[in-house]
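> Predicted model and sequence below, questions to follow.
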Amino acid sequence: MARAIILMADSLGIGAAPDAESFGDVGANTLAHLLQAYKQETGKALPLPNLSRLGLLDACEAAGKEACEASQRQQPQAAWGYAKELSSGKDTPSGHWEMAGVPVLFEWGYFPNTVPCFPQAFVDELCKCADIEGILGNCYASGTTILEQLGEEHVKTGMPICYTSVDSVFQIAAHEQSFGLDKLYQVCEIARALLDEMNIGRVIARPFIGTSSADFIRTGNRRDYSVLPPAPTLLDKLAADGGEVISVGKIADIYAHQGITQKHKAPGLMNLLEKTSELVDSAPDHSLIFTNLVDFDEKFGHRRNAVGYAQALAEFDAFLPTILNKLQEGDLLMITADHGCDPTAPGTDHTREYVPVLAYTPGLKNAPLGERQSFADIGQTLAQWFNLSALEYGEGFKASLNKA
Ligand SMILES: O=P(O)(O)O[C@H]1O[C@H](CO)[C@@H](O)[C@H]1O
Ligand SMILES: [Mn+2]
Ligand SMILES: [Mn+2]
């Protein structure tokens, strides 16, 4: 019996990567800084008994060289380490694909940080094909700020709000009722096809509801349109080997639906965790349950809400025993992240950081994994766990998972 569960804590970086300077991210440390902010705001240390037992705090202190103060801290009883990223970007697909053995070694297409930022010929073609009169935005923006600024004009004119960031993304925000969700998805599909030649990693639908700029709010109907990973990933290999690859949350979208055999969506952190836990009950032998916990990134990291991030992390921690107590011989739980998004850093973008590599199988004792040279070590270890042929990238650490 071999099963694995990946809990991908989206944006939970644990210290500036060696190449952080070239990303403008010197000193970034998502986890250490949210712990500090929480302590400062509440006067108390954040309780993280379960994540500390899985080695998260030790990994962060080793990677980020900053003390991590949390209450109810435990000694690690798991394999724990930290990994740097080989991929050229600090975006979500790069992090996810690399972890599955396919680092992004080419440069994505990016839009210039100018106003307007999108090429006029592309905008003209998009408007013609999608039958819209024009677009609003056409700039770098935070997705919530731009709703406050342009949401009402969008509802009045019917022109979608298009914006980007330092990531290779083309994001389209539109009102679910006045513009219509189906129409938004259609416009995204048209944009996706037009942006392939510019090598833009993702088009993202950002539907929202509400009556005025005072109460516009994004809904859970976000959809990501990714380009295909450049090579088969661990997911493709496991699916081809007859395994079950179970996507929870936006995993399927991030891998462009490649190598996925089951898809489950659920709104919000706790529902995603509940769904994951349910699947642990029913997933057969030779299956991977892969869950993306997007709230950390979308609701707290990009919003620069350090205390909210900390509270969500404590909720995650408190839920973990529900999953841990179900694990049986042959089950491997991994916790990691795809990039950082330090809520105390300037701007609203991701930060280039080490990510945690935590692994637990019943009976495992303290097993330090040290610094890993690529996120692909995770995929390689899973390839070993599932007895698949080796991936092209990554150094597996299955040997460290033997019970001490
Ligand atoms: O500000 P919002 O719309 O959340 O956008 C963020 O979400 C995108 C995808 O993760 C990032 O590139 C960043 O721009
Ligand atoms: Mn991400
Ligand atoms: Mn993000």
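Right, received. Where do you want to start? From a predicted model like this one, the values you see are computed outputs, not experimental measurements. Ligands and ions are numbered 1, 2, ... in the order given.
> To which secondary structure element is whichever residue of the stretch 201-350 of the chain sits closest to ligand 2 assigned?
Of all residues in the stretch 201-350 of the chain, residue 338 sits closest to ligand 2, at 4.4 Å by CB to the ion. For glycine as for every other residue, the C-beta is placed from the backbone atoms N, C-alpha and C. Using DSSP states H and E, residue 338 sits within no helix or strand.
> how many other residues sit next to the residue of the stretch 201-350 of the chain found nearest ligand 1?
Distances between the stretch 201-350 of the chain and ligand 1 by CB to the nearest ligand atom are smallest at residue 302, namely 4.4 Å. Neighbours of residue 302 under the rule other CB atoms under 10 Å: 20.
> List the contacts of the residue nearest to it when sequence neighbours are not counted.
In space, and not counting its chain neighbours, residue 302 is closest to residue 348: 5.0 Å by CB to CB, 6 or more residues apart in numbering. Going by CB atoms under 8 Å, 6 or more residues apart in numbering, residue 348 touches 142, 165, 302-304.
> What residues sit buried inside stretch 15-26?
If you call a residue buried by 16 or more other CB atoms under 10 Å, then stretch 15-26 has these buried ones: 15-17, 20, 23, 25.
> Could you do stretch 216-230 as well?
216, 218, 221-227, 229.
> Kindly report the same for stretch 98-112.
Residues of stretch 98-112 classed as buried by neighbour count (16+ other CB under 10 Å): 98-104, 108, 110-111.
> Next, give me the two most distant ones among the residues you listed.
For the buried residues of stretch 98-112, the maximum inter-member distance is 28.9 Å, found between 101 and 111 (CB to CB).
> Can you tell me, leaving aside adjacent residues, what's nearest to whatever residue of the stretch 1-150 of the chain ends up closest to ligand 1?
With CB to the nearest ligand atom, the shortest gap between the stretch 1-150 of the chain and ligand 1 falls at residue 143, namely 2.0 Å. Using CB to CB, 6+ apart and skipping the chain neighbours, the partner closest in space to residue 143 is residue 206 (5.7 Å).
> next one: residue 361
In space, residue 361 is closest to residue 332, 4.9 Å off (CB to CB, 6+ apart).
> follow-up on the earlier one: just name the closest of the buried residues of stretch 15-26 to residue 72, please.
Closest to residue 72 out of the buried residues of stretch 15-26 is residue 15 (22.2 Å), distances taken as CB to CB.
> so residue 242 sits right up against residue 286, yeah?
Yes: assessed by CB atoms under 8 Å, residue 242 is found in contact with residue 286 at 6.6 Å.
> between the two, who's got more neighbours?
Taking other CB under 10 Å, residue 242 and residue 286 do not tie; residue 286 has more neighbours (18 against 8).
> where does the nearest residue in space to the more buried one that is not next to it in sequence land on pLDDT?
Spatially, and ignoring its direct neighbours in sequence, residue 286 is nearest to residue 243 (4.2 Å; CB to CB, 6+ apart). Note for residue 243: predicted pLDDT of 98.
> surely residue 243 meets residue 386?
Yes: applying CB under 8 Å, one finds residue 243 in contact with residue 386, separated by 6.4 Å.
> Quickly list what's touching both of these two.
Both residue 243 and residue 386 are contacted by 286, 288, under the criterion CB under 8 Å, 6+ apart.
> what about the two, which has more around it?
Taking other CB under 10 Å, residue 243 and residue 386 do not tie; residue 243 has more neighbours (23 against 20).
> Could I get the contacting residues of the more buried one?
Each residue near residue 243 by CB under 8 Å, 6+ apart is listed here: 261, 286-288, 386.
> Share the number of residues neighbouring residue 129, please.
The burial count for residue 129: 15, using other CB under 10 Å.
> tell me which element it is part of?
Element membership of residue 129, judged by DSSP H and E, is helix 120-130.
> Dihedrals phi and psi, the residue lying closest to residue 328 once chain neighbours are set aside?
Spatially, and ignoring its direct neighbours in sequence, residue 328 is nearest to residue 362 (6.6 Å; CB to CB, 6+ apart). Main-chain torsions, residue 362, degrees, to the nearest 10: phi -50, psi 130.
> what's the answer for residue 181, then?
Dihedral angles for residue 181 - degrees, to the nearest 10 - are phi -70, psi -40.
> what about it, distance to residue 23?
Distance, residue 181 to residue 23, by CB to CB, to the nearest Å: 34 Å.
> Residue numbers of the stretch 151-300 of the chain in contact with ligand 2?
Within reach of ligand 2 by CB under 5 Å from the ion, the stretch 151-300 of the chain has these residues: residue 297.
> before we move on, the earlier item: look at the residue nearest to residue 143 and tell me its secondary structure.
With DSSP: H, G, I helix; E, B strand; the rest coil as the basis, residue 206 sits in strand.
> Pull the number of nearby residues for it.
Residue 206 has 23 neighbouring residues, counting by other CB under 10 Å.
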